[in-house]
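In: Fold the following for me, if possible:
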Amino acid sequence: MNEQVADWIEVDESKYNQIKQAYSGVDSRSVLIEMSMSPYDVPLQVRGDYDECSKRFVIDFRYIDSEDSKSLQLDDHMSAVVGLSSGRIYSLLIDLEALGANSVEVKIVEEKVHKNADNALTRMANPVGSPRSKEKSNAKNYTVAQRIISDYWPKLKRELLGAH
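Out: Okay, here's the model as predicted:
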């Protein structure tokens, strides 16, 4: 990564782990059910950092705990690091050279990186028909990660903009 690694940004988990309520039926005997994501599936922190050596922009997520992970190639210029057991997303790695980022204006690079990260998380959350559809998946986590990237993008992109 950069000589100085980007700071972690605290995530307001309550914004992404809303309690949902539903009744089990329509009559007076129905039971109120409350559902929420596991706090282990909602990132506590996020950061964006540019790796000068690999020419990748890396978006990292930190959780309550960690686990062994593996790398998934999502397309020609995007990969992810996901938990072996949980399927949680720990990192998105975006190859800026493959995106042609060296030859375009910084604002276009920023929009392209954000759009590609968003598209990759959408595909991860909806893997039907993809070669990864049999992989361990955590669609709710990917959707939350997508929302976090969108909400915290102004802070995450600082490292990307500083790299060019």
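In: Can you show me the strands along the chain?
Out: 9-10, 20-23, 32-35, 45-51, 56-62, 69-75, 78-83, 89-95 (DSSP state E).
In: what about dumping the CA coordinates of the third one to PDB?
Out: Spelled out, that is strand 32-35. Extracted in PDB, the C-alpha atoms of strand 32-35 (Å, rounded to 0.1, in the frame of the first residue of the first chain):
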ATOM      1  CA  LEU A  32     -44.500 -10.400  16.100                       C
ATOM      2  CA  ILE A  33     -41.100 -11.500  14.800                       C
ATOM      3  CA  GLU A  34     -38.000  -9.300  14.800                       C
ATOM      4  CA  MET A  35     -35.200  -9.900  12.500                       C
END
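In: Okay, buried residues for that strand please.
Out: Across strand 32-35, burial judged by 16 or more other C-beta atoms under 10 Å covers no residue at all. Heads up, the C-betas are built off the backbone N, CA and C, glycines and all.
In: Who are the packing partners of that strand?
Out: Packed against strand 32-35 by the contact rule (3 or more C-beta pairs under 8 Å, 6 or more residues apart in numbering; DSSP states H and E) you find strand 20-23.
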